[in-house]
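**Q** Mind folding the following:
(2 chains)
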2 protein chains.
Amino acid sequence: MNDELTNKGAAAREAARLLAKASGHAKNTAIERVADGLARRRSEILAANERDLEAGRQAGLSDALLDRLMLDDDRLSGLAADVRAVATLPDPVGETLDMREMPNGLRVGRRTVPLGVIGAIYESRPNVTVDISALCLKSGNAVILRGGREAAHSNAALAELVRDSLEEAGLPRDAVQRIESTDRALVGHMLTMRGVIDLIIPRGGQELINRVAAEATVPAVTGGVGVCHTYVDRSADVDMAVNIVHNAKVQRPSVCNALDTVLVHSAIAPTYLPRLAEAFGGDGVEARCDRRALSILGPTEALKVSPAEEEDWSTEFLSLTAAVKIVDSLDEALDHIVSYGSGHSEAIVTEDYSAAMRFLDDVDSSAVMVNTSTRFNDGGQFGLGAEVAISTNKMHARGPMGLRELTSYKWVVLGSGQVRL
Amino acid sequence: MNDELTNKGAAAREAARLLAKASGHAKNTAIERVADGLARRRSEILAANERDLEAGRQAGLSDALLDRLMLDDDRLSGLAADVRAVATLPDPVGETLDMREMPNGLRVGRRTVPLGVIGAIYESRPNVTVDISALCLKSGNAVILRGGREAAHSNAALAELVRDSLEEAGLPRDAVQRIESTDRALVGHMLTMRGVIDLIIPRGGQELINRVAAEATVPAVTGGVGVCHTYVDRSADVDMAVNIVHNAKVQRPSVCNALDTVLVHSAIAPTYLPRLAEAFGGDGVEARCDRRALSILGPTEALKVSPAEEEDWSTEFLSLTAAVKIVDSLDEALDHIVSYGSGHSEAIVTEDYSAAMRFLDDVDSSAVMVNTSTRFNDGGQFGLGAEVAISTNKMHARGPMGLRELTSYKWVVLGSGQVRL
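**A** Okay, the predicted model is just below:
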């Protein structure tokens, strides 16, 4: 076990005990101080960020990676606004959910409490340092931050801002810990720190997600990978179905709730697919089609079309590519989703009541939708306020995780001398 | 990976998909068939049990272990009654928790769904085979049963009864799988079967609990170990405090929510402890006392008294032994609980409003209680109906886990063509 991790883990644990009892006022004050500090310490933060960018350029990082690493005035202002929004959300801690009186007169309820210590493992974007610290702080959790090595200077400046803000609000600065070591083995240690870390939140690509799944003995959020389907039923309103599928694919293709595969009922395909091709084509979407869809779309100027390979059906494209398949029934669509889906977000477009009900019943994904875009599977859109992650786990929280999902509860029992018979 | 486990895991997974959609009626029919079968197949089950008992006697099992292994008419009737009670509970699956309309007209709610496949790892008591199968079935979950080798014949007879009952109710018999191999390495495989098993429920002693904590990459319930405290405040009603502490220690000393340590405020100790000694003494309780408690209780005929060793403060006695310590303040009591408690069940006895509130706020245990016995930390007593386990985890469920805690949810979204802007 790494010394830095052991020491900072113990400090976070101790601070968590104090933070759990902090008032909503103190927590909001600290969060607002962070937002203020993003402006006040602007030049200091941007100078640290420039050191990371310079090192990144030296190391030959791609433009995409450099862009993710980069902070500027706009991004700092956006971050400050996000942080202030967290301060305005209701405090998720200390709510008693359902206190009832038992036959013997005991009053029994569950009161929300923080989870304790969150371990956040993330990659190049330094704004995660502030973002996740604010959400942890608001929910009364201490956090151990393990950011990417490329962003080390930026993360150090941002984490110090958060720690100073905690102190200014009379809260323990040790509630936010940043791991400095860039040793990759350290992630493995974090994943097994039972009794120190209560929940691991990984924010990163497939490699990180897989590592967490294989190694973590600490509870961890699994998610982020969405092979998302929309099924266009024979009874679908064609205009609506074009609009929804287009939105699900094109509105923001790089995210996990964007559409990957569209399944089209054979009875509607000859009408629907040419219309979809038109809509997709205008945005440069590439379609990977099964044989029958290919025979309808054929070589067309409207759209880049190619035959789908088997692996396309289980691919999260994260780009302007969509797989297209024709099915002969709702059952065939459901079977396809079971075989290839990742349990993230699936939608049906239909005017048939029974088909809608069956889809809702049978599809087992974090969000199951009728006549709308999979892009709505999002904490903000579902009314959770901030979003920490989207979970495809079934344990604890599923789908978008907001502040409430960073809490646990304790049973509170108020008696007047009752004993058990 | 073991072949039996792989095959039965795949069969359970497939059956889980069907069971998730089963009607409440079909599930209850299967559960009632199990209860009927416990009577109808009585002689067959008892004959299988006799084979286990005979093998156990040959192997020199202790009387206590043989008793846990033993089934008879009374135990089978009791088990049948418990199973019938599960059938009468509300179905935890398919409830939509809080559907709301968003500003864009989307209706968004969460609908409860089964977790999928439960892995149950347990030791000698064969009734667990039936008990946990009924709870899994009711909550729409398939289950992989891995019972103790001593109970192999009993478990085989009982699991076949459950599988036959499923089939008679038109449900997939493969929803209940019993692992026959007694290879101990197999438990290690089960603990890492991500994607096949959704939740591990261990029912056993400290060794099993520790193994699960160290090795499981599948989510697992941790619990069962309770070092439970009751703090008798200076303002406590003495009669009430005697009654509550006596109940918490004596009513059923062998269980996890029984009292282990009583902390007594120094101002009330001279009055309280002699009264407690009297109550404890009548039931043969042995007290392990700190120096000051010892000086009050002294050598007494009322009670077996000995000086506490350091390790007594962190011991779950599971017997008629209690540790007794005098503290000078509520703070000292709270610090003691943080240092030595296991986060299971803690109570305060007090007439002081502020002391009660502080105790409820500051103690972070699965149940925190005022003026009542820790023995109430129980699913039945908290109104959950059946209890699957008591969790000291903070993730997913904490404290008593009922049927609802064997479910997850999916987000259900009903639209009318909404797309994301």
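
**Q** So which bits of the stretch 251-400 of chain A are right by chain B?
**A** A:251-252, A:338, A:360-362, A:364-373, A:375-377, A:381-383, A:393-396, A:398-400 (CB under 8 Å from any CB of the partner chain). No exception for glycine: its C-beta is placed from N, CA and C like everyone else's.

**Q** what's the distance between residue A:371 and residue B:105?
**A** The gap separating residue A:371 from residue B:105 is 11 Å, by CB to CB, to the nearest Å.

**Q** in the longest strand along chain A, what counts as buried?
**A** Using DSSP state E, we find that the single longest strand of chain A is strand A:407-418. Across strand A:407-418, burial judged by 16 or more other CB atoms under 10 Å in any protein chain shown covers A:407-415, A:417-418.

**Q** Tell me which two in those are the farthest apart.
**A** A:407 and A:417 (31.2 Å; CB to CB).

**Q** So which residues of the stretch 201-350 of chain A form strands?
**A** A:228-232, A:259-265, A:286-289, A:304-307, A:321-327, A:345-349 (DSSP state E, counting those that start in this stretch).

**Q** For the fourth one, which helices and strands make contact with it?
**A** The criterion is 3 or more CB pairs under 8 Å, 6 or more residues apart in numbering or on different chains; DSSP states H and E, and the helices and strands that strand A:304-307 contacts are strand A:286-289, helix A:291-297.

**Q** Those into JSON lines, with extra columns for mean pLDDT, mean neighbour count and distance to residue B:72?
**A** Putting the helices and strands packed on strand A:304-307 into JSON lines (pLDDT from 0 to 100; neighbours: other CB atoms under 10 Å in any protein chain shown; distance: least, CB to CB, whole Å) gives the following:
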{"stretch": "strand A:286-289", "mean pLDDT": "96", "mean neighbour count": "22", "distance to residue B:72": "65"}
{"stretch": "helix A:291-297", "mean pLDDT": "95", "mean neighbour count": "18", "distance to residue B:72": "65"}
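
**Q** circling back: the longest strand of chain A close to chain B?
**A** Yes. Applying CB under 8 Å from any CB, one finds strand A:407-418 touching chain B at A:408-418.

**Q** what's the burial count for residue A:243?
**A** Here the count is done by other CB atoms under 10 Å in any protein chain shown, and residue A:243 has 17 residues near it.

**Q** Equivalent analysis for the one 5 residues further on, please.
**A** Other residues near residue A:248 come to 29 when the count uses other CB under 10 Å.

**Q** Next, the contact list for the residue nearest to it when sequence neighbours are not counted, please.
**A** Once flanking residues are discounted, residue A:248 sits nearest to residue A:259: 3.6 Å by CB to CB, 6 or more residues apart in numbering or on different chains. Applying CB atoms under 8 Å, 6 or more residues apart in numbering or on different chains, we find residue A:259 in contact with A:228-230, A:245, A:248-249, A:322, A:373-374.

**Q** now with 6 Å?
**A** A:228, A:230, A:248-249, A:374 (CB atoms under 6 Å, 6 or more residues apart in numbering or on different chains).

**Q** Could you give the backbone dihedrals for the closest residue to residue A:393 other than its chain neighbours?
**A** In space, residue A:393 comes closest to residue A:222 once its chain neighbours are excluded; the distance is 5.0 Å by CB to CB, 6+ apart. Torsion angles at residue A:222 (phi, psi; degrees, to the nearest 10) stand at phi -110, psi 140.

**Q** Burial check on residue A:222, number of neighbours?
**A** There are 22 residues near residue A:222, going by other CB under 10 Å.

**Q** That one and residue A:10: what is the separation?
**A** 27 Å.

**Q** these two touch, right, residue A:340 and residue A:316?
**A** No. Using CB atoms under 6 Å, residue A:340 is not in contact with residue A:316, being 10.8 Å away.

**Q** Alpha carbons only: can I get the helix-or-strand element of chain A with minimal mean pLDDT in PDB?
**A** In chain A, no helix or strand scores lower on mean pLDDT, DSSP states H and E than helix A:206-215, which sits at a mean of 87. What follows is helix A:206-215, C-alpha atoms only, in PDB (Å, rounded to 0.1, in the frame of the first residue of the first chain):
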ATOM      1  CA  GLN A 206     -13.500   1.800 -21.500                       C
ATOM      2  CA  GLU A 207     -10.100   0.800 -20.200                       C
ATOM      3  CA  LEU A 208     -10.700   2.500 -16.800                       C
ATOM      4  CA  ILE A 209     -14.200   1.100 -16.600                       C
ATOM      5  CA  ASN A 210     -13.000  -2.400 -17.300                       C
ATOM      6  CA  ARG A 211     -10.200  -2.200 -14.800                       C
ATOM      7  CA  VAL A 212     -12.700  -1.000 -12.100                       C
ATOM      8  CA  ALA A 213     -15.100  -3.800 -13.000                       C
ATOM      9  CA  ALA A 214     -12.300  -6.400 -12.700                       C
ATOM     10  CA  GLU A 215     -10.400  -5.200  -9.700                       C
END
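
**Q** who's in contact with that helix?
**A** Under CB under 6 Å, 6+ apart, the answer for helix A:206-215 is A:188, A:191, A:202, A:220, A:222, A:224.

**Q** Could you list the residues in contact with stretch A:320-327?
**A** A:249, A:253, A:261-264, A:266, A:269, A:284-290, A:292-293, A:308, A:312-313, A:333.

**Q** Helices along the stretch 151-300 of chain A, start to end?
**A** A:152-168, A:185-190, A:206-215, A:238-250, A:269-281, A:291-297 (DSSP state H, counting those that start in this stretch).

**Q** averaging pLDDT over each of these, which comes out lowest?
**A** When the helices of the stretch 151-300 of chain A are compared on average pLDDT, helix A:206-215 comes out lowest at a mean of 87.

**Q** in that helix, what counts as buried?
**A** Neighbour-count burial for helix A:206-215 [16+ other CB under 10 Å]: A:208-209, A:211-212, A:215.

**Q** how many other residues sit next to the closest residue to residue A:348 other than its chain neighbours?
**A** Computed as CB to CB, 6+ apart, the closest residue to residue A:348 that is not its neighbour in sequence is residue A:359, at 4.1 Å. Neighbours of residue A:359 under the rule other CB under 10 Å: 24.

**Q** For the closest residue to residue A:182 other than its chain neighbours, report the pLDDT, please.
**A** Of all residues not flanking residue A:182 in the chain, residue A:149 sits nearest, at 3.9 Å (CB to CB, 6+ apart). Note for residue A:149: predicted pLDDT of 92.
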